[in-house]
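Peer 1: just a sequence and a predicted model for now, questions to come.
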Amino acid sequence: MTSASAPGFGRRFASLFYELLLLAAIVFTTAAVFTPLLAWSNHAAVVEWLYRLGMAGVLFGYFGYCWVKSGQTPAMKTWRLKLVLRDGSRLGWQHAAVRFCAALLLFVGVPVISFLAWQRASGDTRVSMWIAMCWWLLPLLWPLTDPDRQYLHDRLAGTRLITLAKGERA
């Protein structure tokens, strides 16, 4: 059984920063594959949607595979973080999909909807952007208010992030 302690704020953000570097490579590679198709189709609407779905599929494939296989992405392994279900067991594909969709909704959907609504209501792009950024920060800062120091998308998905003890393996 793994240690049940929730990771600290610094460890979470160090892992997140490392994860962003890895994701940049994945996103750039996926974009490189789709760019000729987009250019060839003159950015047809159907190809644009295929690109978006393909990008989401690649990102889910990366996260889902890592979470289901070991509960850890490479960045999480480096910082000794592990994703488990509330009872401490390993995630299945269904839980990985729920966590991915909850995070996607919180980090992309809510800020975009907020931006569009405020943009329409106020007409001020700058204010709308700041309000959208506040909504984007909400899920990142959630562990500061959560009694178990868990992210909001983990709370919604029934998962939790734990710290492994030194030398402990997933």
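Peer 2: Nice, thanks for sending it over.
Peer 1: C-alpha only now, for contacts and for neighbours.
Peer 2: Fine.
Peer 1: any low-confidence regions in this structure?
Peer 2: For the chain, the stretches flagged by pLDDT under 70 are 1-3, 170.
Peer 1: quick check: the residue sitting nearest the centre point of it vs Leu53, distance?
Peer 2: Centroid check for the chain by C-alpha atoms, centre = their mean gives Ala103 as the closest residue, at 5.1 Å. With distances taken as C-alpha to C-alpha, to the nearest Å, Ala103 is found 16 Å from Leu53.
Peer 1: strands along this protein, start to end?
Peer 2: Taking DSSP state E, the strands of the chain run over residues 81-85, 159-163.
Peer 1: walk me through which strands the first one pairs with, and which way each runs.
Peer 2: Partner strands for strand 81-85, per DSSP bridges, with pairing direction: strand 159-163 (antiparallel).
Peer 1: now the partner strand: how far from the chain's centre is it?
Peer 2: Taking C-alpha atoms, centre = their mean, to the nearest Å, one finds strand 159-163 lying 14 Å from the centre of the chain it belongs to.
Peer 1: residues contacting it, please?
Peer 2: Outside of strand 159-163, the residues that reach it under the criterion C-alpha atoms under 8 Å, 6 or more residues apart in numbering are 3-7, 80-86, 95, 99, 150-151, 154.
Peer 1: okay, and which of those residues map to helices?
Peer 2: His95, Arg99, Asp154 (DSSP state H).
Peer 1: just among the residues you listed, which is most surrounded?
Peer 2: Within the ones in helices among the contacts of strand 159-163, Arg99 tops the neighbour count with 24 neighbours, counted by other C-alpha atoms under 10 Å.
Peer 1: tell me the contacts of that residue?
Peer 2: His153, Asp154, Leu156, Ala157, Thr159.
Peer 1: no further questions, thank you.
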